[in-house]
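Visitor: Just to be clear, the model below is a prediction. Sequence and coordinates:
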Amino acid sequence: MLLLIIAVVIGVAAFAILRPHQIASCRPDLPQKDEGIESAKGGMGSMMAGVILSYLVSNFLIDSHQYNAWRGLSTDKLKATLAAEGIMSETDFVGLSDQLTANAELTEAQSQFGD
């Protein structure tokens, strides 16, 4: 369990280091109508996809080129891509996603309990 948490932390660090630096816009584009809710939902999926990609990189299951090519994919597209490439089945993807979510929730609960 501790090894998985360490791998996730290393993966998140790799994700932060490997992502390109972005220049902030002077005037952010504001979402139109219900677009904000949809982008928030997509953001959480993208975040999980990023965590899974970081996990795969840190465990040498994919290389940095694959990471860079796939990091913009939605969770569903990433799941299909990994299955098509023979890296991870869709069932394994869902299981890993659930496990990473549970570990994150446990870590958050432990940090709140410790405060």
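Guide: It's in. Given the structure is predicted, the values throughout are model-derived calculations rather than measurements.

Visitor: In terms of helices and strands, where is residue 86?
Guide: For residue 86, there is no host helix or strand (DSSP states H and E).

Visitor: what's downstream of the helix or strand of the chain with the lowest mean pLDDT, the next helix or strand?
Guide: Ranked by mean pLDDT, DSSP states H and E, the weakest helix or strand in the chain is helix 35-58, scoring a mean of 66. Later in the chain than helix 35-58, the nearest helix or strand by DSSP H and E is helix 64-70.

Visitor: In that next one, which residues are buried?
Guide: By 16 or more other CB atoms under 10 Å, the buried positions in helix 64-70 come out as 66, 67, 70. C-beta here means a position set from N, CA and C on the backbone, and glycine is covered the same way.

Visitor: which regions of this structure sit below the pLDDT cut-off?
Guide: 14-45, 114-115 (pLDDT under 70).

Visitor: rerun at 90
Guide: The chain contains residues with pLDDT under 90 at 1-52, 54-55, 59, 61, 64, 71-72, 75, 96-115.

Visitor: circling back to that earlier point, tabulate the buried residues of helix 64-70 (JSON lines), appending distance to residue 99.
Guide: JSON lines is the format used below for the buried residues of helix 64-70 (distance: CB to CB, whole Å):
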{"residue": "66", "distance to residue 99": "21"}
{"residue": "67", "distance to residue 99": "20"}
{"residue": "70", "distance to residue 99": "20"}
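
Visitor: just those now: which is nearest residue 87?
Guide: Set against residue 87, the nearest of the buried residues of helix 64-70 by CB to CB is residue 66 (8.3 Å).

Visitor: From residue 72, how far off is the closest one?
Guide: Residue 66 is 12 Å from residue 72, where distance means CB to CB, to the nearest Å.

Visitor: And for residue 51?
Guide: With CB to CB as the criterion, residue 51 and residue 72 are 15 Å apart.
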